[in-house]
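**Student:** The sequence and its predicted three-dimensional model are supplied below.
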Amino acid sequence: MYLEHFQLKSQPFSEHAAVSALWQDQRMDEGLARLDYLVQCGQLGLVTGPSGVGKSALLKRFLHALQPQQCQALYCHLTHLPCAGLLKLVVAQLGETPRRGKERLYEQILERATRAEGTLLLVFDEAHLLDGDALTDLRLLISSALDVRPPLKMLLVGQEPLRAILRQARHADLLNRVSVRHQLRPLSRAQTSRYIDFQLSQAGGDPQVFDDSVKTAIHDFTGGVPRQINNLATACLLQATARKVLRIDDNRSSRRLANSNCPNTGRLSTCHDTSTTTSCVACATTSLGSCCWNSFDGRTSGGRANWPSSAPAAASTSRPSIPAPIWAVASTARQTSTPSTSRWPRSIATSWPPWPS
């Protein structure tokens, strides 16, 4: 296990981390400031961002810092439910027994909100999965014009499609009530480097395990999405452990990856170097004759112009033998952006790259 190899106390790039171990940057500080305003003065908040960009980490920090006497928060992420089922779930999480009929569910939620100490805040994660009727029901819960102060507040957190959904004409009333908005964006190159160092330091490791050029290559390959950075960095640590090296500093492979187009533009570039035994960030395997094809460019004739001499003769009839680790990394990168096959020759687009299902 790489924990013993690198003398780490815990997994540095874990998906689930304690609040004290969460990465903090300007994006998070701004998001927390806006959410604090929502608790004090707002009524409806909206947080959006791509998958894996840090929305859950922001929520975890925000909910952990809330004072119970000031605001009672109810977190719900099972949003892919019919509208009545969603209201029943909210009532059950409030500690009540759901009654029969949607009008009674409304009454239960509003009555519980008036009895709450401080403000009742309903937090709906994965809100891009809410159907149209559910969004209408949620709007009705906060749209009373007779209350001196709103009986409850609401926070919708979801991926980018949520913004397009709220711009639909049927949800104009809900969108107009949004008083706090925050869009989380991926990390910059400098932030990615500090993020990797921070995660290793939190785990009790050496921040210099990854060379600076490798950190840059990781950012370029993942687009600065923290979850993808975690996956690729973990893959590098595993492969470095397998090769018994303590530093991931394959300068040539990382430089090639950083200087070429990543899979986001339809080009796969990794190392094919047999002169070093260090861990290769480009394909998360080793560079001792087992990495994938170097500088593969599908836009050239037949897609084989830059293949090494060991590449198969006919790309359209047989797929190159690619080690399993690159499949995992390619699949990870695909979650961020799937390469467009329109830029690949017809004979290649249907069989290469071999994305796993």
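**Tutor:** Perfect, I can see it now. Numbering: from 1, shown residues only.

**Student:** tell me which strands and helices the longest helix seen in the chain is in contact with?
**Tutor:** Using DSSP state H to define each element, the chain has its longest helix at helix 226-243. Helix 226-243 is packed against helix 2-5, helix 189-202, helix 212-222, strand 279-280, strand 285-286, helix 324-336, with contacts defined by 3 or more C-beta pairs under 8 Å, 6 or more residues apart in numbering; DSSP states H and E. The C-beta positions use only the backbone N, C-alpha and C, and glycine is treated the same way.

**Student:** For stretch 187-201, list every residue counted as buried.
**Tutor:** For stretch 187-201, burial by neighbour count (16 or more other C-beta atoms under 10 Å) applies to 187, 191, 192, 193, 194, 195, 196, 197, 198, 199, 200.

**Student:** How about the second one, nearest residue that isn't a chain neighbour?
**Tutor:** Spelled out, it's residue 191. Distances taken as C-beta to C-beta, 6 or more residues apart in numbering put residue 25 closest to residue 191, at 5.8 Å, once the chain neighbours are dropped.

**Student:** what number of residues lie near that neighbour?
**Tutor:** Other residues lying near residue 25 total 15 when counted by other C-beta atoms under 10 Å.

**Student:** now the longest helix of the chain against helix 212-222, angle please.
**Tutor:** Angle, helix 226-243 to helix 212-222, by axes from the mean of the first three to the mean of the last three C-alpha atoms, to 10 degrees: 130 degrees.

**Student:** Give the buried residues for helix 226-243.
**Tutor:** For helix 226-243, by 16+ other C-beta under 10 Å, it's 226-241, 243.

**Student:** Lowest average pLDDT across the helices and strands packed on helix 226-243?
**Tutor:** The minimum mean pLDDT among these belongs to strand 285-286 (a mean of 36).

**Student:** State the distance from residue 101 to residue 138.
**Tutor:** Using C-beta to C-beta, to the nearest Å, residue 101 is found at 18 Å from residue 138.

**Student:** Where does pLDDT dip in the protein?
**Tutor:** Scanning the chain for pLDDT under 70 picks out 144-150, 250-357.

**Student:** just the helices in it please.
**Tutor:** Going by DSSP H, the chain shows helices at 2-5, 26-40, 55-65, 83-93, 102-115, 132-141, 161-166, 172-176, 189-202, 212-222, 226-243, 251-259, 324-336, 346-349.

**Student:** Could you say which one of those helices comes nearest to residue 71?
**Tutor:** The closest of those to residue 71 is helix 26-40. By C-beta to C-beta, the value is 4.9 Å.

**Student:** what's next to the closest one, contact-wise?
**Tutor:** Helix 26-40 is touched from outside by 44-45, 47, 54, 57-58, 61-62, 65-66, 70-71, 119, 121, 153, 155, 179-182, 184-185, with contacts defined as C-beta atoms under 8 Å, 6 or more residues apart in numbering.

**Student:** Take the residues you listed and keep only those in strands.
**Tutor:** 44, 45, 47, 71, 119, 121, 153, 155, 179, 180, 181, 182 (DSSP state E).

**Student:** Buried only: go through those residues for me.
**Tutor:** 44, 45, 47, 71, 119, 121, 153, 155, 180, 182.

**Student:** Looking at those residues, spot the one nearest residue 4.
**Tutor:** Lowest distance from residue 4 to these (C-beta to C-beta) belongs to residue 47, with 38.5 Å.

**Student:** rewinding a little: columns distance to residue 206 on top of the buried ones among the ones in strands among the contacts of helix 26-40, output as TSV?
**Tutor:** Below are these laid out as TSV (distance: C-beta to C-beta, whole Å):
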residue	distance to residue 206
44	45
45	40
47	35
71	41
119	45
121	41
153	45
155	39
180	40
182	34
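
**Student:** Quick check: the farthest pair among those?
**Tutor:** The widest separation within those (C-beta to C-beta) is 18.8 Å, between 119 and 182.

**Student:** about what we covered before: redo the buried residues of stretch 187-201 as CSV? Include distance to residue 160.
**Tutor:** Compiled in CSV, these are given as follows (distance: C-beta to C-beta, whole Å):
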residue, distance to residue 160
187, 17
191, 20
192, 21
193, 26
194, 25
195, 22
196, 25
197, 29
198, 26
199, 25
200, 30
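
**Student:** Count residues in the vicinity of the closest residue to residue 90 other than its chain neighbours, would you?
**Tutor:** Distances taken as C-beta to C-beta, 6+ apart place residue 109 nearest to residue 90, at 5.9 Å, with adjacent residues excluded. When neighbours are defined as other C-beta under 10 Å, residue 109 has 21 of them.

**Student:** before we move on, what about the one 3 residues further on?
**Tutor:** Applying other C-beta under 10 Å, we find 19 other residues in the vicinity of residue 112.

**Student:** What residues does it make contact with?
**Tutor:** Residue 112 sits next to 91, 94, 95, 96, 120 when contact means C-beta under 8 Å, 6+ apart.

**Student:** quick one: which of those is most hemmed in?
**Tutor:** Highest neighbour count within these: residue 120, with 22 neighbours (other C-beta under 10 Å).

**Student:** show me what contacts that residue?
**Tutor:** By C-beta under 8 Å, 6+ apart, the neighbours of residue 120 are 71, 72, 74, 112, 113, 151, 152, 153.

**Student:** let's go with 7 Å and repeat that
**Tutor:** Shown in contact with residue 120 (C-beta atoms under 7 Å, 6 or more residues apart in numbering): 72, 113, 152.
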